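below is the sequence, then the predicted model.
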Amino acid sequence: MTDILIEGGRALIGNALVETSLLVSGTNIAELDASRGRARLAIDARGLLVLPGIVDLHGDAFERQMMPRAGVDFPIDIALADSDRQAISNGITTVFHATTCSWEPGLRSADNARGLMEAIERQRPQFAADTRFHLRHETYNLDAEQEMSQWLAEGRVDLFAFNDHMDGTVGDMAKPRKRNRMVERTGLSGDDFDRLVGHIVSRAADVPASVSRLAAAARAAEVRMLSHDDATPAMRQGFRAMGVAIAEFPINEETAREAASHGDAIVYGAPNVVRGGSHTGWTKASDMIAKGLCSVLASDYYYPAQLLAAFRLAADGVLPLTEAWNLVSAAPARATGLTDRGVLAEGRRADVLLVDDSVPLRPRLVAVVAGGKLVHLTEATRLLAAMATPREAVVAA
């Protein structure tokens with residue numbers, strides 16, 4: 001693997017931006033305040049920010065590559081390859097594909113979740129981003145419990161989330177536009193969809209025991225767990241008691257405070273920050289951040305959002321950029337147990353972004369190094385003359 005010198009940028013070292021150069025060797029950062037030495041490749045980072053790669057613990061924008069329009073499907077391998085390119089081009093060097101395993105047929109079915117998991121495993125060596133599998137279990141999908149337990153035991157799941165969208169589904173049945181969208185996603189007729197929902201709701205009494213068994217399986221497999229859309233402090237307490245230490249999109253402040261008071265990681269969506277509020281009308285993420293009630297921002301449904309959100313928080317005076325960046329890099333790395341990344345330090349994984357911040361609120365990604373490889377570059381003039389290896393020097397003489 002070619003050594004890379006990132007020369008002369010303003011690098012986020014600890015809690016400060018420092019003018020320095022970084023040497024990447026193999027898959028890691030080998031040296032800070034480095035000189036050119038024998039690096040075969042050098043990148044001129046003068047005038048740019050040098051930041052740790054983004055860690056996205058919840059992103060489901062890949063679904064649009066799989067089904068860009070309702071009823072229009074594309075092969076999973078093509079969709080994942082395109083999603084990888086999109087993630088990298090937005091600075092995401094570690095991506096957890098948040099894959100819903102629902103009682104629905106179609107895009108969010110157990111069959112589709114299985115296919116995604118297998119495709120990620122098969123294509124992982126080809127991806128530029130470190131790509132992982134975040135399994136989002138719809139808790140009413142009781143028929144999939146045994147298979148998911150097996151996936152957990154086999155080490156095939158990197159994050160495991162408990163989702164319960166059943167109340168929303170039932171409520172949306174009375175809203176023609178939302179109902180039609182759900183029906184189109186499943187590929188069923190309207191009548192068949194209504195019958196399916198009725199059957200699923202009838203099994204509600206069996207859900208709590210299933211959740212408990214799956215949480216035990218995840219604990220045994222040492223897989224970190226998330227609970228999605230916690231609605232009350234009691235709900236957060238109940239999930240924490242089962243070892244679920246990540247609160248994902250708590251829907252009100254009192255629930256977020258319950259999570260924060262026990263040191264739980266609290267995830268909100270970066271699109272919420274960029275747009276100035278939730279598209280659902282729930283909690284405003286920037287308010288939660290200002291109150292210390294959000295520790296992680298995820299791309300959610302829009303890959304560009306994490307990069308943009310950090311700069312939006314700084315521009316709005318919510319946090320300095322050095323702290324805002326932790327929400328998309330160091331903090332999600334910690335929450336997911338990835339202690340080898342999220343900061344620029346010697347011996348850490350070489351996931352490095354070069355960002356032009358000259359235009360307010362519009363950061364522009366110039367280069368991405370992921371796992372020690374230069375995988376994205378928009379300005380070829382930033383490449384500096386390569387140093388000759390000892391053998392080349394002898395031949396030239």
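Looks like it arrived, so ask away. Numbering: from 1, shown residues only.

can you pull out the strands in the stretch 101-250 of the chain?
Assigned by DSSP state E, counting those that start in this stretch, the strands in the stretch 101-250 of the chain fall at 130-138, 159-163, 224-228, 246-248.

so what does the third one touch, helix or strand wise?
Pointing back at strand 224-228 there. strand 159-163, helix 207-220, helix 233-241, strand 246-248 (3 or more Cβ pairs under 8 Å, 6 or more residues apart in numbering; DSSP states H and E). C-betas here are computed from N, CA, C, even on glycine.

now find how far off-centre the third one is within its chain.
Right, the one you point to is helix 233-241. The chain centre lies 24 Å from the centre of helix 233-241; the measure is Cα atoms, centre = their mean, to the nearest Å.

before we move on, what about the second one?
Using Cα atoms, centre = their mean, the mean C-alpha position of helix 207-220 is found 24 Å from that of the whole chain.

returning to what we had before: can you redo the helices and strands packed on strand 224-228 as a markdown table with mean pLDDT and mean neighbour count?
Formatted as a markdown table, the helices and strands packed on strand 224-228 follow (pLDDT from 0 to 100; neighbours: other Cβ atoms under 10 Å):
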| stretch | mean pLDDT | mean neighbour count |
| --- | --- | --- |
| strand 159-163 | 97 | 23 |
| helix 207-220 | 98 | 17 |
| helix 233-241 | 98 | 17 |
| strand 246-248 | 98 | 28 |
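
sorry, back to before: minimum distance to residue 358: which of the strands of the stretch 101-250 of the chain has it?
strand 130-138 (29.2 Å; Cβ to Cβ).

and the closest one, average pLDDT?
The average pLDDT for strand 130-138 rounds to 97.

test my guess that residue 6 contacts residue 51.
No. Using Cβ atoms under 8 Å, residue 6 makes no contact with residue 51, being 10.9 Å away.

give me the common contacts of those two.
Counting by Cβ atoms under 8 Å, 6 or more residues apart in numbering, the residues touching both residue 6 and residue 51 are residue 352.

in JSON lines, list the helices and strands packed on strand 224-228 along with distance to residue 277.
Shown next, in JSON lines, are the helices and strands packed on strand 224-228 (distance: least, Cβ to Cβ, whole Å):
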{"stretch": "strand 159-163", "distance to residue 277": "22"}
{"stretch": "helix 207-220", "distance to residue 277": "31"}
{"stretch": "helix 233-241", "distance to residue 277": "22"}
{"stretch": "strand 246-248", "distance to residue 277": "18"}
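
looking at these, spot the one closest to residue 27.
Residue 27 lies closest to strand 159-163 among those, at 22.2 Å (Cβ to Cβ).

please tell me how far the closest residue in space to residue 73 that isn't next to it in sequence sits from residue 76.
Counting by Cβ to Cβ, 6 or more residues apart in numbering, residue 73 lies nearest to residue 67, which is 5.7 Å off, once chain neighbours are set aside. Noted for residue 67: a distance of 11 Å to residue 76, by Cβ to Cβ, to the nearest Å.

so what's residue 61 up against?
Counted by Cβ under 8 Å, 6+ apart, residue 61 has contacts 83, 86, 299, 301-303.

now, which of these sits nearest residue 106?
Closest to residue 106, out of all of the contacts of residue 61 and judged by Cβ to Cβ, is residue 301, at 17.7 Å.

hmm, the closest one is touching residue 56, no?
No. Using Cβ under 8 Å as the test, residue 301 is too far from residue 56 to be in contact (11.4 Å).

so between these two, which is more surrounded?
Set side by side, residue 301 and residue 56 show more neighbours around residue 56, with 33 against 18, by other Cβ atoms under 10 Å.

is the more buried one bridged to anything, and to what?
Legend: beta-bridge partners of residue 56 under DSSP bridges are residue 95.

quick check: it touching residue 333?
No. Look at residue 56 against residue 333 with Cβ under 8 Å: they stay out of range, at 10.7 Å.

need the overlap of contacts for these two.
Residues touching both residue 56 and residue 333 (Cβ under 8 Å, 6+ apart) are residue 94.

hmm, back to that, could you dump the contacts of residue 61 to CSV with secondary structure, pLDDT and distance to residue 311?
Below are these laid out as CSV (DSSP: H, G, I helix; E, B strand; the rest coil; pLDDT from 0 to 100; distance: Cβ to Cβ, whole Å):
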residue, secondary structure, pLDDT, distance to residue 311
83, helix, 97, 23
86, helix, 97, 19
299, coil, 97, 15
301, coil, 95, 19
302, coil, 96, 15
303, coil, 97, 15
